[in-house]
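1. sequence-free structure coming up:
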């Protein structure tokens, strides 16, 4: 069961309300820089984790009225669209028993359960995606550090993400040519334990790294990566069926 550490109290909370009611994931941003983009990315991954667990989720965005550049950058990173909280009718009925606020460290401090996101350090912080960078590489680079820690988005970080993503996509495309095999329950359990422990995406990536070099059948490795990508959103199966 997914548990999130509430940044206000340091205590774990269940982000899914009782009786499978609706959970609101509300991202709060103060601008359109890369830190704001990282806030939306963390909210997107939280949305995915809840959705995988069977919880209905509503994604809302609170911030400045004009955020076209931020929304465009988020779309490029594969982040789902967020409704503007000013325009959405937010009811407090029993179907919305839980609200999770995703905020930048030292950013807005709304009442309720809060998930904090560390700042992004880059040469041009006002530009959500570094000039010339592949959005998929940026997504992996931002996911490769724990969400609460600051991350430096420099050439080395992006280069490492680019190499990892390219290698994994090639491997997944190759494994897809082999007969499918079920994900071993031990591996599935490791993945779920990782992301259900305060949304530890770094641990999920470590599991994939271990599976990559394991002696599991190729078909099982393919299914493992495809399953984990429901959370990661890295399009790991993108090159399946492409020419070798």
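-> Right, received. Where do you want to start? What you see is a predicted model; the values in this text were computed from it and never measured.

2. can we go C-alpha only for contacts and neighbour counts from here?
-> OK.

3. burial count for residue 127?
-> Other residues lying near residue 127 total 17 when counted by other Cα atoms under 10 Å.

4. Just give the nearest non-adjacent residue to it, would you?
-> Computed as Cα to Cα, 6 or more residues apart in numbering, the closest residue to residue 127 that is not its neighbour in sequence is residue 33, at 5.7 Å.

5. Can you report how many residues neighbour residue 186?
-> By other Cα under 10 Å, the residues close to residue 186 number 9.

6. any idea which helix or strand carries it?
-> Assigned by DSSP states H and E, residue 186 belongs to helix 185-196.

7. before we move on, back to that, surely the residue nearest to residue 127 meets residue 69?
-> No - taking contacts as Cα atoms under 8 Å, residue 33 lies outside contact range of residue 69: 9.1 Å.

8. burial count for the residue nearest to residue 127?
-> Around residue 33 there are 19 residues (other Cα under 10 Å).

9. Helices along this protein, start to end?
-> For the chain, the helices defined by DSSP state H occupy 34-52, 68-76, 135-143, 155-175, 185-196, 201-212, 218-232.

10. To residue 241, which of those helices lies closest?
-> Closest to residue 241 of the helices of the chain is helix 155-175 (Cα to Cα; 6.8 Å).

11. can I get the helices of the chain in JSON lines with distance to residue 106?
-> Compiled in JSON lines, the helices of the chain are given as follows (distance: least, Cα to Cα, whole Å):
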{"stretch": "helix 34-52", "distance to residue 106": "11"}
{"stretch": "helix 68-76", "distance to residue 106": "20"}
{"stretch": "helix 135-143", "distance to residue 106": "19"}
{"stretch": "helix 155-175", "distance to residue 106": "24"}
{"stretch": "helix 185-196", "distance to residue 106": "25"}
{"stretch": "helix 201-212", "distance to residue 106": "22"}
{"stretch": "helix 218-232", "distance to residue 106": "26"}
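
12. want to throw those into JSON lines with distance to residue 116 and mean pLDDT?
-> Below are the helices of the chain laid out as JSON lines (distance: least, Cα to Cα, whole Å; pLDDT from 0 to 100):
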{"stretch": "helix 34-52", "distance to residue 116": "8", "mean pLDDT": "96"}
{"stretch": "helix 68-76", "distance to residue 116": "18", "mean pLDDT": "91"}
{"stretch": "helix 135-143", "distance to residue 116": "14", "mean pLDDT": "96"}
{"stretch": "helix 155-175", "distance to residue 116": "22", "mean pLDDT": "96"}
{"stretch": "helix 185-196", "distance to residue 116": "16", "mean pLDDT": "96"}
{"stretch": "helix 201-212", "distance to residue 116": "15", "mean pLDDT": "98"}
{"stretch": "helix 218-232", "distance to residue 116": "19", "mean pLDDT": "98"}
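
13. To residue 112, which of those lies closest?
-> Judging the helices of the chain by Cα to Cα, what sits closest to residue 112 is helix 34-52, at 15.3 Å.

14. looking just at contacts, which helices and strands does that closest one meet?
-> Packing partners of helix 34-52 (3 or more Cα pairs under 8 Å, 6 or more residues apart in numbering; DSSP states H and E): strand 23-28, strand 57-62, helix 68-76, strand 98-104, strand 113-117, strand 120-121, helix 218-232.

15. Any idea which of the ones you listed gets closest to residue 5?
-> With Cα to Cα as the measure, strand 113-117 is the member of the helices and strands packed on helix 34-52 nearest residue 5 (7.3 Å).

16. residues in contact with the residue nearest the centre of the chain?
-> By Cα atoms, centre = their mean, the chain has its centre lying nearest to residue 45, at 2.8 Å. Residue 45 sits next to 231, 232 when contact means Cα atoms under 8 Å, 6 or more residues apart in numbering.

17. Pretty sure residue 85 sits against residue 59.
-> No - the criterion here is Cα under 8 Å, and residue 85 misses it with residue 59 at 9.0 Å.
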